[in-house]
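Undergrad: Quick one, fold the following:
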Amino acid sequence: MRTVMRTIRLGPVEPSLMRGLLLALFFLAGALIGHLYAGSWGEDAQTELNRYLTDYCTVYDAGGVPVPLLSCVMIYFGYGTLLFLLGFSSVGAVLIPALAGLYGFLTMYTISCFVHCYGRDGVLLAMGVLLVRLVFTLPCFLTLAGEAWPLSIELLLLSFGRGRRSAPVLYGSRYFLLFALCAVVLAAGVCCERLFAPALFRLAMGALE
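TA: Next up is the predicted model:
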(Lines give C-alpha, C1' and ligand atoms only; values in the text may rest on other atoms or scores of the structure.)
Protein backbone atom coordinates (compact mmCIF):
# COMPACT_ATOMS: atom_id res chain seq x y z
CA MET A 1 0.00 0.00 0.00
CA ARG A 2 2.79 2.39 0.88
CA THR A 3 4.47 1.62 -2.40
CA VAL A 4 1.29 2.46 -4.26
CA MET A 5 0.84 5.67 -2.32
CA ARG A 6 4.40 6.73 -3.04
CA THR A 7 3.79 6.36 -6.76
CA ILE A 8 0.85 8.73 -6.58
CA ARG A 9 2.03 12.27 -7.05
CA LEU A 10 -0.40 15.11 -7.00
CA GLY A 11 0.76 17.67 -9.51
CA PRO A 12 0.63 21.36 -8.76
CA VAL A 13 -2.82 22.91 -9.00
CA GLU A 14 -3.22 25.07 -12.07
CA PRO A 15 -3.57 28.74 -11.06
CA SER A 16 -6.37 29.20 -13.60
CA LEU A 17 -8.28 26.28 -12.07
CA MET A 18 -7.83 27.69 -8.59
CA ARG A 19 -9.05 31.11 -9.69
CA GLY A 20 -12.06 29.54 -11.36
CA LEU A 21 -12.93 27.63 -8.19
CA LEU A 22 -12.59 30.76 -6.08
CA LEU A 23 -14.83 32.75 -8.40
CA ALA A 24 -17.37 29.93 -8.34
CA LEU A 25 -17.27 30.01 -4.52
CA PHE A 26 -17.91 33.76 -4.52
CA PHE A 27 -20.83 33.19 -6.91
CA LEU A 28 -22.27 30.46 -4.67
CA ALA A 29 -21.78 32.57 -1.55
CA GLY A 30 -23.68 35.42 -3.18
CA ALA A 31 -26.39 32.98 -4.23
CA LEU A 32 -26.78 31.77 -0.64
CA ILE A 33 -27.06 35.33 0.64
CA GLY A 34 -29.62 36.12 -2.07
CA HIS A 35 -31.71 33.11 -1.05
CA LEU A 36 -31.60 34.07 2.64
CA TYR A 37 -32.38 37.71 1.89
CA ALA A 38 -35.42 36.81 -0.21
CA GLY A 39 -36.78 34.80 2.71
CA SER A 40 -36.23 37.60 5.23
CA TRP A 41 -38.82 39.99 3.83
CA GLY A 42 -41.70 40.99 6.08
CA GLU A 43 -45.31 40.10 5.38
CA ASP A 44 -46.19 43.46 3.78
CA ALA A 45 -43.16 43.39 1.51
CA GLN A 46 -43.91 39.78 0.61
CA THR A 47 -47.45 40.76 -0.35
CA GLU A 48 -46.17 43.51 -2.63
CA LEU A 49 -43.69 41.08 -4.18
CA ASN A 50 -46.43 38.53 -4.81
CA ARG A 51 -48.58 41.21 -6.46
CA TYR A 52 -45.69 42.35 -8.67
CA LEU A 53 -44.82 38.83 -9.81
CA THR A 54 -48.48 38.03 -10.43
CA ASP A 55 -48.80 41.11 -12.66
CA TYR A 56 -45.55 40.16 -14.38
CA CYS A 57 -46.82 36.69 -15.14
CA THR A 58 -50.17 38.06 -16.33
CA VAL A 59 -48.47 40.33 -18.86
CA TYR A 60 -46.47 37.47 -20.37
CA ASP A 61 -49.38 35.06 -20.22
CA ALA A 62 -51.30 37.54 -22.34
CA GLY A 63 -48.52 37.57 -24.93
CA GLY A 64 -46.46 40.41 -23.50
CA VAL A 65 -43.59 41.96 -25.41
CA PRO A 66 -39.99 40.85 -24.82
CA VAL A 67 -37.48 42.85 -22.82
CA PRO A 68 -36.69 46.16 -24.58
CA LEU A 69 -33.59 45.95 -26.74
CA LEU A 70 -31.57 48.54 -24.82
CA SER A 71 -32.32 46.93 -21.47
CA CYS A 72 -31.50 43.50 -22.88
CA VAL A 73 -28.14 44.72 -24.21
CA MET A 74 -27.28 46.26 -20.84
CA ILE A 75 -28.23 43.07 -19.00
CA TYR A 76 -26.13 40.89 -21.29
CA PHE A 77 -23.11 43.13 -21.84
CA GLY A 78 -22.97 44.95 -18.50
CA TYR A 79 -21.05 42.36 -16.52
CA GLY A 80 -18.74 41.39 -19.38
CA THR A 81 -17.77 44.96 -20.24
CA LEU A 82 -17.18 45.83 -16.61
CA LEU A 83 -14.99 42.75 -16.11
CA PHE A 84 -12.96 43.60 -19.19
CA LEU A 85 -12.35 47.14 -17.95
CA LEU A 86 -11.53 45.99 -14.41
CA GLY A 87 -8.71 43.95 -15.90
CA PHE A 88 -6.94 47.28 -16.48
CA SER A 89 -7.31 48.44 -12.89
CA SER A 90 -5.86 47.29 -9.59
CA VAL A 91 -9.25 47.68 -7.88
CA GLY A 92 -10.41 44.73 -9.97
CA ALA A 93 -8.51 42.47 -7.58
CA VAL A 94 -11.30 43.17 -5.09
CA LEU A 95 -14.19 44.15 -7.33
CA ILE A 96 -14.08 41.12 -9.64
CA PRO A 97 -14.79 38.54 -6.91
CA ALA A 98 -17.31 40.98 -5.42
CA LEU A 99 -19.00 41.15 -8.82
CA ALA A 100 -19.14 37.35 -8.92
CA GLY A 101 -20.89 37.42 -5.55
CA LEU A 102 -23.32 40.09 -6.77
CA TYR A 103 -24.12 38.04 -9.86
CA GLY A 104 -24.86 35.01 -7.72
CA PHE A 105 -26.92 37.11 -5.30
CA LEU A 106 -29.16 38.63 -7.97
CA THR A 107 -29.63 35.31 -9.77
CA MET A 108 -30.66 33.33 -6.70
CA TYR A 109 -32.68 36.24 -5.31
CA THR A 110 -34.82 36.23 -8.45
CA ILE A 111 -35.32 32.47 -8.26
CA SER A 112 -36.14 32.61 -4.55
CA CYS A 113 -38.70 35.37 -5.07
CA PHE A 114 -40.58 33.20 -7.55
CA VAL A 115 -40.36 30.26 -5.16
CA HIS A 116 -41.73 32.29 -2.25
CA CYS A 117 -44.59 33.47 -4.43
CA TYR A 118 -45.48 30.24 -6.28
CA GLY A 119 -43.88 27.48 -4.22
CA ARG A 120 -41.94 24.78 -6.04
CA ASP A 121 -43.60 25.78 -9.30
CA GLY A 122 -41.75 29.07 -9.01
CA VAL A 123 -38.50 27.33 -9.95
CA LEU A 124 -39.96 26.49 -13.35
CA LEU A 125 -41.17 30.06 -13.83
CA ALA A 126 -37.79 31.46 -12.79
CA MET A 127 -36.06 29.22 -15.29
CA GLY A 128 -38.42 30.52 -17.94
CA VAL A 129 -37.11 33.99 -17.16
CA LEU A 130 -33.44 33.22 -16.58
CA LEU A 131 -32.53 30.05 -18.48
CA VAL A 132 -31.65 31.63 -21.82
CA ARG A 133 -29.80 34.45 -20.09
CA LEU A 134 -27.71 32.19 -17.88
CA VAL A 135 -26.77 29.89 -20.76
CA PHE A 136 -25.05 32.81 -22.49
CA THR A 137 -23.95 35.14 -19.70
CA LEU A 138 -22.66 32.78 -17.01
CA PRO A 139 -19.94 31.06 -19.11
CA CYS A 140 -18.83 34.44 -20.50
CA PHE A 141 -18.78 35.92 -17.00
CA LEU A 142 -16.61 33.18 -15.56
CA THR A 143 -14.30 33.19 -18.59
CA LEU A 144 -13.74 36.95 -18.56
CA ALA A 145 -13.45 37.06 -14.78
CA GLY A 146 -10.85 34.30 -14.84
CA GLU A 147 -8.77 36.29 -17.35
CA ALA A 148 -9.19 39.75 -15.83
CA TRP A 149 -8.68 38.85 -12.18
CA PRO A 150 -4.99 37.82 -12.35
CA LEU A 151 -4.19 40.94 -14.36
CA SER A 152 -5.82 43.11 -11.70
CA ILE A 153 -3.93 41.27 -8.98
CA GLU A 154 -0.64 41.91 -10.78
CA LEU A 155 -1.49 45.60 -11.04
CA LEU A 156 -2.31 45.67 -7.35
CA LEU A 157 1.03 44.08 -6.48
CA LEU A 158 2.82 46.60 -8.67
CA SER A 159 1.06 49.48 -6.95
CA PHE A 160 2.41 48.28 -3.59
CA GLY A 161 6.00 48.59 -4.70
CA ARG A 162 6.64 45.20 -6.15
CA GLY A 163 6.81 46.78 -9.61
CA ARG A 164 10.41 47.88 -9.11
CA ARG A 165 11.48 44.24 -9.29
CA SER A 166 8.80 42.92 -11.64
CA ALA A 167 8.04 43.12 -15.32
CA PRO A 168 5.08 45.27 -16.35
CA VAL A 169 1.70 43.64 -16.76
CA LEU A 170 1.25 42.59 -20.38
CA TYR A 171 -2.10 42.44 -22.13
CA GLY A 172 -1.67 39.99 -24.97
CA SER A 173 -3.93 39.56 -27.95
CA ARG A 174 -5.60 36.64 -26.15
CA TYR A 175 -7.27 39.01 -23.68
CA PHE A 176 -8.80 41.16 -26.42
CA LEU A 177 -9.73 38.23 -28.65
CA LEU A 178 -11.46 36.52 -25.73
CA PHE A 179 -13.50 39.64 -25.06
CA ALA A 180 -14.42 39.87 -28.75
CA LEU A 181 -15.49 36.21 -28.76
CA CYS A 182 -17.61 36.74 -25.64
CA ALA A 183 -19.16 39.81 -27.28
CA VAL A 184 -20.24 37.67 -30.24
CA VAL A 185 -21.70 35.05 -27.90
CA LEU A 186 -23.53 37.69 -25.86
CA ALA A 187 -24.90 39.33 -29.01
CA ALA A 188 -26.32 35.95 -30.01
CA GLY A 189 -27.74 35.70 -26.50
CA VAL A 190 -29.54 39.03 -26.88
CA CYS A 191 -31.21 37.76 -30.05
CA CYS A 192 -32.22 34.49 -28.36
CA GLU A 193 -33.49 36.35 -25.31
CA ARG A 194 -35.84 38.47 -27.36
CA LEU A 195 -36.95 35.60 -29.58
CA PHE A 196 -37.31 32.71 -27.16
CA ALA A 197 -37.43 33.91 -23.52
CA PRO A 198 -41.06 35.17 -23.58
CA ALA A 199 -42.17 31.95 -25.25
CA LEU A 200 -40.29 29.85 -22.70
CA PHE A 201 -41.91 31.76 -19.87
CA ARG A 202 -45.39 31.31 -21.29
CA LEU A 203 -44.60 27.63 -21.83
CA ALA A 204 -43.58 27.34 -18.17
CA MET A 205 -46.82 29.01 -17.11
CA GLY A 206 -48.81 26.67 -19.33
CA ALA A 207 -47.14 23.65 -17.70
CA LEU A 208 -48.38 24.82 -14.30
CA GLU A 209 -52.01 25.19 -15.30
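Undergrad: Against which helices or strands is the strand or helix carrying residue 77 packed?
TA: For residue 77, the host element (DSSP states H and E) is helix 69-86. Packing partners of helix 69-86 (3 or more C-beta pairs under 8 Å, 6 or more residues apart in numbering; DSSP states H and E): helix 92-118, helix 121-159, helix 173-208. All C-beta atoms are positioned from the backbone trio N, CA, C, and that covers glycine.
Undergrad: Please convert these to a markdown table, extending it with mean pLDDT, mean neighbour count and distance to residue 20.
TA: Converted to a markdown table, the helices and strands packed on helix 69-86 look like this (pLDDT from 0 to 100; neighbours: other C-beta atoms under 10 Å; distance: least, C-beta to C-beta, whole Å):
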| stretch | mean pLDDT | mean neighbour count | distance to residue 20 |
| --- | --- | --- | --- |
| helix 92-118 | 92 | 20 | 10 |
| helix 121-159 | 90 | 19 | 5 |
| helix 173-208 | 87 | 16 | 14 |
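Undergrad: how about those, which one is nearest residue 29?
TA: With C-beta to C-beta as the criterion, residue 29 lies closest to helix 92-118 of those, at 5.8 Å.
Undergrad: between the helices and strands packed on helix 69-86, which gets nearest to residue 70?
TA: helix 173-208 (10.4 Å).
Undergrad: Run the chain-centre distance for that closest one.
TA: Centroid separation for helix 173-208 versus its chain: 13 Å, with C-alpha atoms, centre = their mean, to the nearest Å.
Undergrad: so what's residue 152 up against?
TA: When contacts are counted by C-beta atoms under 8 Å, 6 or more residues apart in numbering, residue 152 touches 86-87, 89-93, 95-96.
Undergrad: can you list those residues in JSON lines and add distance to residue 175?
TA: Listed next are the contacts of residue 152 as JSON lines, based on distance: C-beta to C-beta, whole Å:
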{"residue": "86", "distance to residue 175": "12"}
{"residue": "87", "distance to residue 175": "7"}
{"residue": "89", "distance to residue 175": "14"}
{"residue": "90", "distance to residue 175": "16"}
{"residue": "91", "distance to residue 175": "18"}
{"residue": "92", "distance to residue 175": "13"}
{"residue": "93", "distance to residue 175": "16"}
{"residue": "95", "distance to residue 175": "17"}
{"residue": "96", "distance to residue 175": "14"}
